[in-house]
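>>> Sequence and predicted structure, then a few things I'm wondering about:
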Amino acid sequence: MSVQIPAQRVKELRIKTGAGMMDCKKALQASDGDMEIAIENLRKKGLASADKKSSRAATEGLIESYIHAGSRVGVLIELNCETDFVARRLEFQKLAKNIAMQIAACPQVYYVSIDDIPKNLIEKEKLIEFGKEDLSTKAENVKDKIIQGRINKRLQEMSLMNQSFIREPDISVEELVKQHIALLGENIKIRRFERFILGEGL
């Protein structure tokens with residue numbers, strides 16, 4: 001016999017997770033009413049479905065700005081979703097603001113993902129690594145492995161999606177976005193961003 005869950009408890013879980021009423025009810029029944037276990041199970045279920053939504057077109061959304069304290073660093077970001085309804089959700093708007101703050105806090109980040117980094121820049125990084133003196137005495141196969149490791153690390157440093165989320169360092173920005181895909185039920189894409197630093201280039 002399934003556990004009887006009060007409607008108020010189901011509503012509370014829905015507010016916390018954004019999941020559907022029936023999903024919330026089933027999650028609470030499966031966890032014998034334990035809210036934390038129900039949230040974790042819904043999160044796992046949602047993250048699994050997030051990858052399936054990644055190919056769906058995301059043409060709505062918003063442009064968010066963030067100006068860091070002191071007004072010397074500013075960020076503009078375009079965050080896309082599938083519908084205007086989700087674009088108006090507070091959770092989506094908060095995600096955009098958090099990502100903008102993340103970009104302001106990561107001056108070494110220039111691209112949304114590793115896939116966006118130009119091939120000629122990757123080749124340039126390889127040439128720099130090949131020329132480093134600490135590798136001159138290494139065997140070729142060892143040298144190649146070291147260089148590839150360094151290149152991978154450098155590319156991750158330049159990619160926004162690979163950064164640890166500043167407010168929750170045990171998850172990446174990519175995982176943060178996936179959590180919100182699961183929460184809001186739509187594909188979400190960071191399309192582009194621009195960082196402005198006072199006096200840069202003068």
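Perfect, thanks for sending it.

>>> If we go by neighbour counts, what in stretch 59-68 is buried?
By neighbour count with 16 or more other C-beta atoms under 10 Å, stretch 59-68 contains the buried residues Glu60, Gly61, Glu64, Tyr66. The C-beta positions use only the backbone N, C-alpha and C, and glycine is treated the same way.

>>> Now do the third one against Ile128, distance only.
Distance, Glu64 to Ile128, by C-beta to C-beta, to the nearest Å: 34 Å.

>>> ok, now the first one?
If you measure Glu60 against Ile128 using C-beta to C-beta, the figure is 41 Å.

>>> Go ahead and name everything in contact with the helix or strand hosting Gln8.
According to DSSP states H and E, Gln8 maps onto helix 7-17. With C-beta atoms under 8 Å, 6 or more residues apart in numbering as the test, helix 7-17 has contacts from 19-21, 24-25, 27-28, 33, 35, 38-39, 42-43, 46, 183.

>>> mind listing the strands for the chain?
60-67, 73-81, 164-165, 168-172, 189-197 (DSSP state E).

>>> Figure out which of the ones you listed is closest to Tyr111.
Tyr111 sits nearest to strand 189-197 of all those, at 9.3 Å, using C-beta to C-beta.

>>> I'd like to check the angle between that closest one and strand 60-67, please.
20 degrees (axes from the mean of the first three to the mean of the last three C-alpha atoms, to 10 degrees).

>>> How about residues contacting strand 189-197?
58, 61, 72-81, 99-100, 103-104, 107, 112, 160-161, 177.

>>> partners of it, with directions?
Paired strands of strand 189-197, with direction, are strand 73-81 (antiparallel) (DSSP bridges).

>>> What average pLDDT does the partner strand get?
Computed over strand 73-81, the mean pLDDT rounds to 96.

>>> in this protein, what secondary structure element scores lowest on mean pLDDT?
Ranked by mean pLDDT, DSSP states H and E, the helix or strand of the chain with the weakest confidence is helix 35-53, at a mean of 71.
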